[in-house]
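# Return a 3D structure for these sequence lines:
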Amino acid sequence: MTNILPVLDRVSAGIPASLERMFELVRIKSISTDPAYKAECRRAAEWLVTELRTLGFDATVRDTPGHPMVVAHHDGARPDAPHVLFYGHYDVQPVDPIDLWDHDPFEPAVRDAGDGRRIITGRGTSDDKGQLLTFVEACRAYKDTLGALPCRVTILFEGEEESGSPSLKPFLEANAAELKADFALVCDTSMWDADTPAISAGLRGLVGEEVVVKAADRDLHSGYFGGAAANPIHILANILAGLHDETGRITLDGFYDGVDETPTQIKAAWEKLGSSSESFLGEIGLSIPSGEKGRSVLELTWARPTAEVNGITGGYTGEGFKTVIAAEASAKVSFRLVGKQDPAKIRDAFRTYVRAKIPADCSVAFHAHGGSPAIQLPYDSALLGKAKNALSDEWPKPAVVIGMGGSIPIVGDFQKMLGMESLLVGFALSDDRIHSPNEKYELRSFEKGIRSWVRILSALAAR
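Below you'll find the model as predicted:
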């Protein structure tokens with residue numbers, strides 16, 4: 001394995017210059033959701049291309065129907081070195097409400113946060129400009145010190161992640177051969193805590209459904225028709241209540257097909273993280289987990305499927321009181337998927353279940369709202385093991401392998417469209433206030449994040 005100590009020393013010595021480059025990028029107001037900042041989004045893409053070219057990357061701005069992509073390629077030190085695709089996004093969330101910011105969101109600075117902590121403030125410092133630059137600066141340290149990168153590297157930066165990535169799938173389809181690599185690296189996630197790095201090995205999938213139950217042809221007087229006419233709110237409430245049994249399990253036929261038990265050693269590792277029901281739920285004013293009985297909150301949120309009601313409407317909901325039986329009622333329901341659960345089968349099972357509970361003189365309509373499978377990197381993956389060891393060498397505490405309750409669509413796209421597994425490593429913290437006023441990134445995370453990528457790339461390249 002290459003001696004990386006000079007590279008790590010170069011990272012630490014170069015932090016002032018790395019910060020200046022980060023400040024330059026953060027000052028660009030690349031808000032993708034607001035058309036008024038279209039030119040700023042392009043300016044951010046062009047800035048990144050210029051920087052990557054100084055490192056020897058073949059880098060270009062690629063136009064899309066929306067904001068441009070940045071694509072860059074660099075050969076590794078050996079022709080047989082692994083080929084990695086690194087993904088990040090240069091666009092940021094809007095800054096509203098601006099009056100809640102303590103400082104100008106587009107004038108970054110390093111500030112004292114107390115307890116010896118130094119933070120970098122500004123929109124995009126954590127999500128995702130600071131994060132993507134940890135990788136770019138790791139490449140810079142390699143080039144400045146050793147003259148070459150240990151792996152073949154392709155970089156893909158997009159400018160629409162914060163606005164739904166409408167151009168991403170078509171771009172992947174059109175450029176699949178160029179972007180295909182051995183595996184992908186994604187730096188848009190978080191640490192477990194300030195001293196414990198984390199690798200996200202699993203992402204839950206998602207199925208969204210809107211269900212509309214219709215009964216009478218108009219709203220009815222509840223005194224005149226009450227007790228005789230079907231009430232769609234009652235019907236819908238019964239349907240939703242029946243989605244779970246008394247143990248918290250979901251009742252749809254075949255729902256757990258493809259759901260494997262979490263390996264014992266992984267559950268044991270999660271238990272050592274010390275996240276109890278009280279500590280996890282206490283932050284939101286709760287204490288009793290409501291999912292499947294006998295499982296920890298981490299297993300429930302990282303490794304088990306769910307059925308959640310996200311919204312319900314029907315009848316009169318305005319000021320005062322109106323005694324009506326509504327003509328229709330609707331609900332929005334989402335299912336988080338794990339393992340090999342099939343989104344199409346889950347959707348069909350839900351619709352079959354609902355239809356069986358609709359009276360003969362009533363009707364039901366469905367509206368689909370997306371569907372994607374879960375992503376799971378094998379816990380015994382060599383890729384995972386190398387990254388875990390590399391991170392553990394850099395941080396005070398050993399790296400942990402965690403799951404994520406949410407979904408990151410790009411990871412599924414990489415797997416489905418490019419046939420690549422993804423390694424999710426990020427250095428954000430839970431209090432970074434991403435998407436909120438006063439976003440920040442720990443200076444320590446920035447420096448050690450760069451050093452971490454130096455170690456990971458070296459580990460991945462080792463024969």
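
# Outline the domain layout of the chain.
Here the domain parsing of the chain from automatic domain parsing is 5-203+375-461, 205-259+305-372.

# Rebuild those domains as a markdown table, extending it with mean neighbour count and distance to S279.
All C-beta atoms are positioned from the backbone trio N, CA, C, and that covers glycine. Shown next, in a markdown table, are these (neighbours: other CB atoms under 10 Å; distance: least, CB to CB, whole Å):
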| stretch | mean neighbour count | distance to S279 |
| --- | --- | --- |
| domain 5-203+375-461 | 19 | 12 |
| domain 205-259+305-372 | 16 | 20 |
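
# Export these as a markdown table, with columns for distance to S277 and mean pLDDT.
Below are those laid out as a markdown table (distance: least, CB to CB, whole Å; pLDDT from 0 to 100):
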| stretch | distance to S277 | mean pLDDT |
| --- | --- | --- |
| domain 5-203+375-461 | 15 | 96 |
| domain 205-259+305-372 | 13 | 97 |
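
# quick one: which of these is nearest G274?
domain 5-203+375-461 (9.8 Å; CB to CB).

# quick one: the helices in the stretch 351-463 of the chain?
Per DSSP state H, counting those that start in this stretch, the stretch 351-463 of the chain carries helices over the ranges 382-394, 409-418, 443-461.

# Of these, which is nearest E246?
Nearest of the helices of the stretch 351-463 of the chain to E246, taken as CB to CB: helix 409-418 at 33.5 Å.

# For G294, find the nearest of the domains of the chain.
When the domains of the chain are ranked by proximity to G294 (CB to CB), domain 205-259+305-372 comes first, at 8.3 Å.

# Endpoint to endpoint, that closest one covers what distance?
Start and end residues of domain 205-259+305-372 are separated by 5 Å (CA to CA, to the nearest Å).

# re earlier: nearest to F280, out of the domains of the chain?
Of the domains of the chain, nearest to F280 by CB to CB is domain 5-203+375-461, at 11.4 Å.

# how far out from the middle of the chain is the closest one?
Distance of domain 5-203+375-461 from the chain centroid (CA atoms, centre = their mean, to the nearest Å) equals 13 Å.

# Can you tell me the closest non-neighbouring residue to the most centrally placed residue in the chain?
Centroid-nearest residue in the chain: I408, 3.9 Å away (criterion: CA atoms, centre = their mean). Counting by CB to CB, 6 or more residues apart in numbering, L203 is the residue found nearest to I408 once chain neighbours are left out, at 5.7 Å.

# beta partners of that neighbour?
In this entry, L203 is beta-bridged to I375, M404, by DSSP bridges.

# and what of A331?
Going by DSSP bridges, A331 forms beta bridges with V211, I312.

# sorry, back to before: quick check: the residue nearest to I408 vs L457, distance?
L203 sits 23 Å away from L457, taking CB to CB, to the nearest Å as the criterion.

# and what of I28?
I28 is 27 Å from L457, by CB to CB.

# so what's the closest residue to P378 other than its chain neighbours up against?
Leaving aside its sequence neighbours, P378 sits nearest to L384 (CB to CB, 6+ apart; 7.3 Å). Neighbour list for L384: I199, A201, L377, P378, V401, L423 [criterion: CB atoms under 8 Å, 6 or more residues apart in numbering].

# Show me those residues that map onto strands.
I199, A201, V401, L423 (DSSP state E).

# Report the spatially closest residue to the second one, excluding sequence-adjacent ones.
To tie it back to what came earlier, the one meant is A201. L377 (4.4 Å).

# which residues does the nearest residue to G205 once chain neighbours are set aside contact?
Leaving out its chain neighbours, the residue that sits closest to G205 by CB to CB, 6+ apart is L337, at 3.5 Å. Residues counted as contacts of L337 (CB under 8 Å, 6+ apart) are R204, G205, L206, V207, P305, P343, I346, P373, A374.

# any idea how far the residue nearest to A201 lies from K388?
Computed as CB to CB, the L377 to K388 distance reads 11 Å.

# same deal with F350?
Separation of F350 from K388 (CB to CB): 37 Å.

# ok, now E283?
27 Å.

# E292 is nearest to which of the domains of the chain?
domain 205-259+305-372 (4.3 Å).

# I'd say A399 and K388 touch.
Yes: with contacts counted by CB atoms under 8 Å, A399 reaches K388, the gap being 4.6 Å.

# what residues do those two have in common as contacts?
Taking CB under 8 Å, 6+ apart as the criterion, A399 and K388 both touch I199.
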